[in-house]
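> Next comes the sequence, and after it the predicted model I'd like to discuss.
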Amino acid sequence: MGTNAIEITHLTKNYKDFSLNDISFTLPLGSILGLVGENGAGKSTTIKLITNTILKTSGTINVFGVNNETSEFNKIKEEIGVVFDEAYFPEVLTATAVNSIMKSTYKNWDEKKYFEFMKKFSLPLKLQFQKFSRGMKMKLAIAVSLSHNPKLLILDEATSGLDPMVRDEILTVFNEFTRDEKNAILLSSHIISDLEKICDYIAFIHKGRLLFCEEKDKLQEEYAIVKVTADDFLKIPTTAIRGKKESPYGVEVLVLKSNLPSFIKPEFTNLEDIILFLAKGEN
């Protein structure tokens, strides 16, 4: 089965007014990769291409070592759980009815697991879907995606619009899922703090291009933000500078720590700072 859940090579999708350009990254088994970028950057397009709901212009996508355009891919679809940013169930269905339908849809449907999730997420069994709040809808979609025992979860903005407590609860479930080294998660989000909590890797897509795909810890080890005077800024070697913001009070600079002169002390920098800086530099 190999060591990667997803391998994407030179993936391109051309639309009339937007292109996803030459994207390549891998998602190793046992890990969570966060796909980050502003709305319209190409995150959802990438996910639709992986699940083969739209066709690519060029490049290759392998899931568990299987090309996603072959008939073999249909056989492994059971092993993929997908949640989009809107949960789609017929409005009159209840959680109990959803179980009955899924039981005849998935070979690996685990009814016991599904009802355990209903309990864990405090979801009502008899209430119609149309009366669910957004948080309840997303919890139901996530419960369904996990109850047919997938090995790969693909989540497109599954935590957006949810209150922090619900998000925390869901992130904990995702974390538990990847404790099994055979499982993996691809999670797209513009909520960088969520990704910072649980991701092993961060892939940053900006205007259809992949700016980087790095280990999260490595990003935080290598990059930092420093606040300096205009004079001190001139003393920073250009090899250290990755982005800058000037203001009347001085210069804020995103730097590679390893190339920084010792007299300049980096501040604690979170993932959001790094990504916002890199995005601004690419506008």
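It's in. Numbering: from 1, shown residues only.

> how long is stretch 232-239 from one end to the other?
15 Å (C-alpha to C-alpha, to the nearest Å).

> can you check stretch 79-86 too?
Across its full length, stretch 79-86 reaches 21 Å between end residues, using C-alpha to C-alpha.

> what's the answer for stretch 83-101, then?
End residues of stretch 83-101 are separated by 17 Å (C-alpha to C-alpha).

> Show me which residues of it are buried.
V83, F84, D85, A87, F89, L93, T94, A95, A97, V98, N99 (16 or more other C-beta atoms under 10 Å). Backbone N, C-alpha and C define where each C-beta goes, glycine included.

> out of the residues you listed, which one sits closest to K245?
D85 (30.7 Å; C-beta to C-beta).

> what about that closest one, distance to M165?
19 Å (C-beta to C-beta, to the nearest Å).

> Same check on T12?
From T12 to M165 the distance is 40 Å (C-beta to C-beta).

> those helices in the stretch 151-283 of the chain, which residues are they?
Along the stretch 151-283 of the chain, counting by DSSP state H, counting those that start in this stretch, helices occupy 164-177, 192-198, 216-222, 230-233, 271-281.

> Pick out whichever of T12 and M165 has more residues nearby.
Neighbours per residue (other C-beta atoms under 10 Å) separate T12 from M165, with T12 holding more: 15 against 9.

> Now the element after the helix or strand hosting the more buried one, going C-ward?
If you go by DSSP states H and E, T12 is part of strand 4-14. Sequence order places strand 19-28 as the next helix or strand after strand 4-14, per DSSP H and E.

> Alpha carbons only: can I get that following strand in CSV?
The C-alpha atoms that make up strand 19-28 are tabulated as CSV, following Å, rounded to 0.1, in the frame of the first residue of the first chain:
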residue,chain,number,x,y,z
SER,A,19,-6.0,28.0,-12.9
LEU,A,20,-4.7,25.6,-10.3
ASN,A,21,-1.0,25.5,-11.4
ASP,A,22,1.4,22.6,-11.1
ILE,A,23,0.6,21.4,-7.6
SER,A,24,2.7,18.6,-6.0
PHE,A,25,2.5,17.3,-2.5
THR,A,26,2.3,14.0,-0.5
LEU,A,27,0.3,13.1,2.6
PRO,A,28,2.1,10.3,4.5
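
> tell me which residues of it are tucked away?
In terms of neighbour count (16+ other C-beta under 10 Å), strand 19-28 has its buried residues at S19, L20, N21, I23, F25, T26, L27, P28.

> now the residues you listed as a markdown table including distance to V253 and pLDDT?
Shown next, in a markdown table, are the buried residues of strand 19-28 (distance: C-beta to C-beta, whole Å; pLDDT from 0 to 100):
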| residue | distance to V253 | pLDDT |
| --- | --- | --- |
| S19 | 31 | 92 |
| L20 | 31 | 93 |
| N21 | 28 | 93 |
| I23 | 28 | 95 |
| F25 | 27 | 96 |
| T26 | 31 | 96 |
| L27 | 32 | 96 |
| P28 | 32 | 95 |
